[in-house]
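[1] what shape does this take:
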Amino acid sequence: IGALALGIALVVPAALPSLGGGLLARTGGGPGPGGGGGTISAVNPVVSLQDSLNQPVDKEVLNYRTTAADTRDLYLRIVALDHFDGASWKPSERTVTDVPERLPEPAGLSATVDRARINTSISTAGWYAQNWLPLPYPASRVDISGRWRYEPQGRTLVGDRGQNTRGLQYQVESLQVRPTARQLSAAPAPPEDLLREYTEVPDSLPGIVRSTARQVTHGAPTAYAKAVKLQDWFALYGGFTYNTDVRAGSGAQAIARFLTDKQGFCVHFSFSMAAMARTLGIPARVAVGFTPGTRQPDGTTSVSLRDAHAWPELYFQGIGWTRFEPTPSRGSIPDYAYQDTSGQPDDAGRPAPAPSRARTPSDGPTAAPSCGPGERRSGSGATCTALPAASGARPSDDGTSPWAVAALALAALLVLLLPAVPLLWRLRTRSRRMAQAGGDGDGDGAAATLAAWRELLDTAWDFGILPDDALTPRNAAARIIRIGELQPEAAAAAHRVAAAVEQVLYAPQPRPATGLALDVQRVRAGLAAAATRGIRLRAGLAPRSAARLRWACSARWTFLLLRFRPSRPVASVRRATTALRPGRQRA
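    Predicted structure coming up:
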C-alpha cells in the first residue's frame, strides 16, 4: 500500500514533464488563478516531461473521438511558453477572463487560408490532474463544466480555485488550419509590438546560438525558408540523436551544450529551435502538450504519458502561430513544412552532415514512423524517404548501369511474354496430342485414341463447353454437339471419336480406330463455324483449357513440398490432386 501510494504521488503530477534546471528550469512560484483574480502567474505547467517519457509502464492520460479525417496534425496543446530569459522558457504572466461562448478568431489568421472545422470529444483519466486543459489548437468553442478561465494570448484554459483535469469529459470545436508553403513564404512582416515581444532574447544567450542559426539558414530568402532549414537541420541532417536519458543541463550554456553534444529529447529540440528563430527575427514560442496518440480498434484515439511532447510555434502574419517539428522520430512534420528546393541557387550555407550516430528510438507510441539519419518522413507521415545528398556528401553517379538496362529489358520481355504463355502451352499440347492421335496400330492405338479424346474435350472447353466427368464418352460427345451446335459432318466426327474411346475403355478386345486426328480437326472447325467472333478469338488467344497448366504446376509444387515433409503419403496426395482436375476420365 505504501509503495502504491508513493507511486501515485509521483505519477499523478507527472502527466507531463518538468522543466528542471537550466534549459528545463523551473519557473517562479506564484499565487496562480483563484477567486476572482484577473491574472495567471507563471507557474510551470509541466512537472516532469522527461520522467513521463521514461516511465517503465505507459499509462493512458486521455482518449478522444474526433470528426477529423486525418489526425496527424491533431496535437493536443496545453500551454504556450512564451517568456525566454536565456536559461529557460516559461509562460508569461497574463490576464485571464471568463471562458466566452465562442473563442475569438486566432490572431493573424487570414480568410484566404484553407481551414476545416472539426469536433473532438475528450475524456481524461481519473488519475490525471493538471491545471491546464489539453485542447486541439486553435479551439473555437469549448463545452466543459467546472471552474475554468481563458487566457487569450495563448488561447488556453486554466483551472480556477483548484479545478483540474481529473476525470473530465468535454467537447471541443476547433480549426484545422492548412496553409501552403507559398502562403507562408509570402507572409508579410508581423506587427511591431508582436515582433518586439516574441523575438526578445537576453544578452546572456551564448553567441553560438546566434551564429549557428545564421550558418544553418544561410541563403534562405524568407522567414519561412529559414524556419524550414532550422527544422530540417535538427530533425534530418544535423546529426542529432533523440535520447530521453540525457540530463537537461543548467544555466545559459544549456542550449550551447545541446548544440555541441547533439543529444536530447523534445524539450531540447523545441527550446533550441525557438531560441534560434528569435535570433533570426522570427517570432517564436514553445508549446507543450501531447502528440496525436494511437488509434484504437473502437475508433477512439488513446494518448498516453509517452505522447507528452514539446514543439516550437513560429508566427507568420496571415497564418498565425504555426507548428514546426524539429524533434527526430517524434510527431509528424506538417505538410506545409516541407521546403520546395527547386529553383534555389545553392545550399552552401548548409553545414556538412555530422557522422551518423545510432539513433535511440522512443519507447512511446508516436504519430509517425521513426526515420533514420539521411531520411525524412513523407508528406503523409506514413513512410520514410531518402533525403537529397547534402553539400559535402559523395556525389551520385548519373550514368545508367548496363546491368540495370539488361534487367529492365528482361523484365519488359517477361511482361510481354507472360500473356502468351497459355497460348504457347496450348499450341504445344495440341501438336503433341494430334501427332500421337495420327499413329495407327495395335501397339499404341489406345494411347492415340485417348490423346484424340483429350484434345477433343479441351477443344470444346476452349470454345466455352466445360468438361463434365460424370458423363460417359457417348453422352459427353452428344453434349458437345448440342451446345456447340455442330453440323452433321462435325457431329459424326465427334461420335466416331467417342465410340473409339468406349472401345478402348470397355471392349474386351478393342478394335483399332483410324483418322481420329482428322475427326478432331473436323470438330474444331465445326465449333469455330458455329461460334461468335469473340468466342473464336478467346479460344485462339486465351484458351480456357490452359488452366491445366496451372493445375500441373500446383501439383508438382505440392509433390516437391511433400518430399521434405513425408508425414502424408505422396501417393494419396497424387490421387487427391488428380481427382480435382476436370476432364480426367475414369480410366
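[2] alpha carbons only for contacts and neighbour counts from here, please
    Will do.
[3] quick one: buried residues of the helix or strand where W557 lies?
    For W557, the host element (DSSP states H and E) is helix 547-563. Buried residues in helix 547-563, counted by 16 or more other CA atoms under 10 Å: R548, A555, F559.
[4] tabulate these (CSV), appending distance to E173 and pLDDT.
    Putting these into CSV (distance: CA to CA, whole Å; pLDDT from 0 to 100) gives the following:
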residue, distance to E173, pLDDT
R548, 62, 85
A555, 61, 82
F559, 63, 81
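[5] which of those residues lies closest to Y170?
    A555 (62.0 Å; CA to CA).
[6] report the separation between the closest one and L561.
    10 Å (CA to CA, to the nearest Å).
[7] may I ask you to confirm that G438 is in contact with L516?
    Yes. Using CA atoms under 8 Å, G438 is in contact with L516, at 6.8 Å.
[8] who's more crowded, those two?
    Using other CA atoms under 10 Å as the criterion, G438 and L516 rank with L516 on top: 27 against 17.
[9] sec struct for the residue lying closest to N131 once chain neighbours are set aside, please.
    Closest residue to N131 apart from its sequence neighbours, by CA to CA, 6 or more residues apart in numbering: N164 at 4.7 Å. Of the three states, N164 takes coil under DSSP: H, G, I helix; E, B strand; the rest coil.
[10] against A125, how distant is N164?
    12 Å.
[11] repeat for R323
    R323 is 27 Å from A125, by CA to CA.
[12] which of the two has more neighbours?
    R323 (21 against 17).
[13] from the structure, what's the count of residues near the residue lying closest to the more buried one once chain neighbours are set aside?
    Leaving aside its chain neighbours, R323 sits nearest to E313 (4.6 Å; criterion: CA to CA, 6+ apart). Neighbour count for E313, taken as other CA under 10 Å: 24.
[14] I figured E105 hits Y137, correct?
    No. Applying CA under 8 Å, one finds E105 not in contact with Y137, separated by 11.6 Å.
[15] and these two? which has more neighbours close in?
    Shown here are E105 and Y137; by other CA under 10 Å, Y137 has more neighbours (25 against 12).
[16] contacting residues around that one?
    L74, Y75, L76, R77, S174, L175, Q176 (CA atoms under 8 Å, 6 or more residues apart in numbering).
[17] what segments of the stretch 301-450 of the chain are helices?
    402-417, 421-437, 445-462 (DSSP state H, counting those that start in this stretch).
[18] swap in the stretch 151-300 of the chain?
    With DSSP H, counting those that start in this stretch as the criterion, the stretch 151-300 of the chain has helices spanning 181-185, 192-198, 207-216, 223-232, 254-261, 266-279.
[19] E151: which of those helices is closest?
    E151 lies closest, by CA to CA, to one member of these: helix 192-198, at 16.6 Å.
[20] just read off the phi/psi values of A69.
    phi -70, psi -30 (degrees, to the nearest 10).
[21] any stretches of the stretch 451-587 of the chain with poor pLDDT?
    Along the stretch 451-587 of the chain, the model assigns pLDDT under 70 to residues 565-587.
[22] which residues of it fall in helices?
    473-484, 488-506, 516-530, 533-541, 547-563, 570-579.
[23] quick one: low-confidence ranges for the stretch 1-150 of the chain?
    For the stretch 1-150 of the chain (pLDDT under 70), the answer is 7-56.
[24] rerun that using 50 as the cut-off
    15-37, 39-47 (pLDDT under 50).
[25] show me the strands in it, by range?
    39-40, 60-66, 76-81, 83-84, 89-90, 94-95, 97-98, 114-124, 135-136, 139-143, 148-151 (DSSP state E, counting those that start in this stretch).
[26] strand partners of the last one, parallel vs antiparallel please.
    Looking back up the chat, that one is strand 148-151. strand 97-98 (antiparallel), strand 156-159 (antiparallel) (DSSP bridges).
[27] kindly report the same for the third one.
    According to DSSP bridges, strand 76-81 has the following sheet partners: strand 135-136 (antiparallel), strand 284-290 (antiparallel).
[28] quick one: contacts of it?
    Here strand 76-81 makes contact (CA under 8 Å, 6+ apart) with 45, 89-92, 132-137, 154, 156, 285-292.
[29] go with 7 Å
    89-91, 132-137, 154, 156, 285-292 (CA atoms under 7 Å, 6 or more residues apart in numbering).
[30] got it, and the second one?
    The contact list for strand 60-66 (CA under 7 Å, 6+ apart) reads 119-125, 128, 299-305.
[31] related to what we said a few turns ago, out of the helices of the stretch 301-450 of the chain, which is the most enclosed?
    helix 445-462 (a mean of 23; mean count of other CA atoms under 10 Å).
[32] so what secondary structure elements neighbour that one?
    In terms of contacts (3 or more CA pairs under 7 Å, 6 or more residues apart in numbering; DSSP states H and E), helix 445-462 is packed against helix 421-437, helix 488-506, helix 516-530.
[33] so it versus helix 516-530, what angle?
    Angle of helix 445-462 versus helix 516-530, following axes from the mean of the first three to the mean of the last three CA atoms, to 10 degrees, is 10 degrees.
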